[in-house]
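model this:
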Amino acid sequence: ELGVTLTAPLAADPRLPFTASIDLAEVILSDADPLKVLAETSNLGAVRLTDAARGARLPLGSGELDLVGARAVIATAAPAAELVIDARDLPDARAAAERSITAWTDASRSPF
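Numbering: from 1, shown residues only. Okay, the predicted model is just below:
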């Protein structure tokens, strides 16, 4: 084991040693249900944490993604998956990444 995760896009139906990867914004932009896709993907090795709405990529927490639901599905269906904050193609990538990290952390807090 080299400590490297090898992933392939979901549509590629990866075979070992590759695992599947999901880009949450891409799922949203394709009008699919990201929680359903997360739950139904076997051998999930990586999740790109990004959001989308109105045809555009957005920082996590700024779009249509149910963050609390996404955290719950990932924790139960793919607890070992690598999580990647994805700020590519966003203006001010540093600020977008910071906002995404905050949104992901906030989604784990109990509302009570």
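
Got the phi and psi for Ala56?
The phi/psi pair for Ala56 (degrees, to the nearest 10) reads phi -130, psi 150.

partner residues bridging it?
In this structure, Ala56 has the following beta-bridge partners (DSSP bridges): Ala53.

That one: neighbouring residues, count only.
13 (other Cβ atoms under 10 Å). Every C-beta, even on glycine, is put in place using the N, C-alpha and C of the backbone.

what's the spacing between it and Leu90?
The span separating Ala56 from Leu90 equals 9 Å under the rule Cβ to Cβ, to the nearest Å.

Equivalent analysis for Arg109, please.
When distances are taken as Cβ to Cβ, Arg109 and Leu90 turn out to be 24 Å apart.

who has more neighbours, these two?
More crowded of Arg109 and Leu90, by other Cβ under 10 Å: Leu90, with 21 against 8.

for the closest residue to that one other than its chain neighbours, what are its contacts?
By the measure of Cβ to Cβ, 6 or more residues apart in numbering, the closest residue to Leu90 outside its immediate chain neighbours is Ala96, 4.1 Å from it. By Cβ atoms under 8 Å, 6 or more residues apart in numbering, the contact set of Ala96 is Pro59, Ala87, Leu90.

how about the last one, what does it touch?
Residues in contact with Leu90 (Cβ under 8 Å, 6+ apart) are Arg57, Leu58, Pro59, Ala96.

who touches Ser42 in this structure?
Under the criterion of Cβ under 8 Å, 6+ apart, the contact list for Ser42 reads Ala20.

residue boundaries of the strands in the protein?
Secondary structure of the chain, counting by DSSP state E: strands at 7-9, 19-23, 44-49, 51-53, 56-58, 82-85.
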